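Novice: just need the structure, nothing else, for what follows:
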Amino acid sequence: QVQLVESGGGLVQAGASLRLSCAASAPTFATYSTAWFRQAPGKEREFVAAISRSLGQLYYADSVKGRFTISRDNTKVYLQMNSLKPEDTAVYFCTVSSLYPPPRAQGDYLYWGQGTQVTVSS
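Specialist: Numbers count the residues shown, from 1 in each chain. The predicted structure follows:
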């Protein structure tokens, strides 16, 4: 089992940047593909970005491409968010999957963190 703990969320103005972190408990973390999803009030949870195990290939939702960057090391996954927009407001979750390439469906992910709130004011 992998325990995931997100941090780094907050309230910022449009155009600002935030860096989210997700710490993993398991030494096997590096064997998983990892991803960030987000869920805005009243909306479905949606894929944001993923990074594959081994080769570290990157995948992004069209809505964040060019503004967000996912990265990882052996124990953490990060999401650098630049040029934030009010529509980026959501709870952000990190998660892991044993699949390659990393899927975009939340049902294909095994373990989830509790989420961190990101609020972007206009």
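
Novice: residue contacts, the spatially most central residue of the chain?
Specialist: Centroid check for the chain by C-alpha atoms, centre = their mean gives Trp36 as the closest residue, at 2.0 Å. Contacts for Trp36 were tallied using C-beta atoms under 8 Å, 6 or more residues apart in numbering; they are Leu20, Cys22, Val48, Ala49, Ala50, Ile70, Val77, Leu79, Tyr92, Phe93, Cys94, Thr95. Any C-beta I mention is one placed from the backbone N, CA and C, and that applies to glycine too.

Novice: who are the contact partners of the residue nearest to it when sequence neighbours are not counted?
Specialist: Of all residues not flanking Trp36 in the chain, Val48 sits nearest, at 4.4 Å (C-beta to C-beta, 6 or more residues apart in numbering). Val48 is in contact with Ala35, Trp36, Phe37, Arg38, Tyr60, Ala61, Val64, Phe68, Leu79, Tyr92, counting by C-beta under 8 Å, 6+ apart.

Novice: good, we can wrap up now.
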